[in-house]
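Peer 1: Give the three-dimensional model of this entry:
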Amino acid sequence: MFISCSLSPKAQKIDSIFVNLYTDSLKKGTYNYINVDGLTADGKYLPLDTTHLTFSSSAGTFYGNSLWIDTSMHTGAVKIKIGLKNDPSFQKSLVLYIKLKEEEKLKTNEEVLAEMRKQPKKKNS
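Peer 2: Coordinates of the predicted model:
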């Protein structure tokens, strides 16, 4: 006897969403991933992406969950709106600040070794 069974996932209702950033501010000239989790009615967390969410921002361009901030941007913050596709009335707004200080360039292994070779050797007494 052959029994066919189809399991179709039930759409879980999202009660709230949480935004988790990997840094404390957005960086210019790079893709800034906006990690969003949804809390379901049964207490489980689900990672959410553009199949579930809509993204908009006051500056920059979204590519999936990543926000591109151009290096020429002169604003100090970006307002972001995140909405659920299946519930247009559900939206979350937040303000994310842009890193103002340029990142310091780290020395290469070769540069560190060259500096170490230039230092005078210490005598052991």
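
Peer 1: by contact count, what packs against the lengthiest strand in the chain?
Peer 2: The longest strand of the chain (DSSP state E) is strand 87-97. In terms of contacts (3 or more CB pairs under 8 Å, 6 or more residues apart in numbering; DSSP states H and E), strand 87-97 is packed against strand 14-20, strand 77-84. No exception for glycine: its C-beta is placed from N, CA and C like everyone else's.

Peer 1: Out of those strands, name the one with the poorest average pLDDT.
Peer 2: Note on these: lowest mean pLDDT is at strand 14-20, with a mean of 90.

Peer 1: Where do the helices of the protein begin and end?
Peer 2: 109-118 (DSSP state H).

Peer 1: thinking again about what came up before, any idea which of the helices and strands packed on strand 87-97 is most buried?
Peer 2: strand 77-84 (a mean of 17; mean count of other CB atoms under 10 Å).

Peer 1: Parallel or antiparallel, list what pairs with that strand.
Peer 2: strand 53-57 (antiparallel), strand 87-97 (antiparallel) (DSSP bridges).

Peer 1: if we can go back for a sec, out of the helices and strands packed on strand 87-97, which is closest to residue 121?
Peer 2: strand 14-20 (49.0 Å; CB to CB).

Peer 1: who does the closest one touch, helix- and strand-wise?
Peer 2: Going by 3+ CB pairs under 8 Å, 6+ apart, strand 14-20 lies up against strand 35-40, strand 45-48, strand 77-84, strand 87-97.
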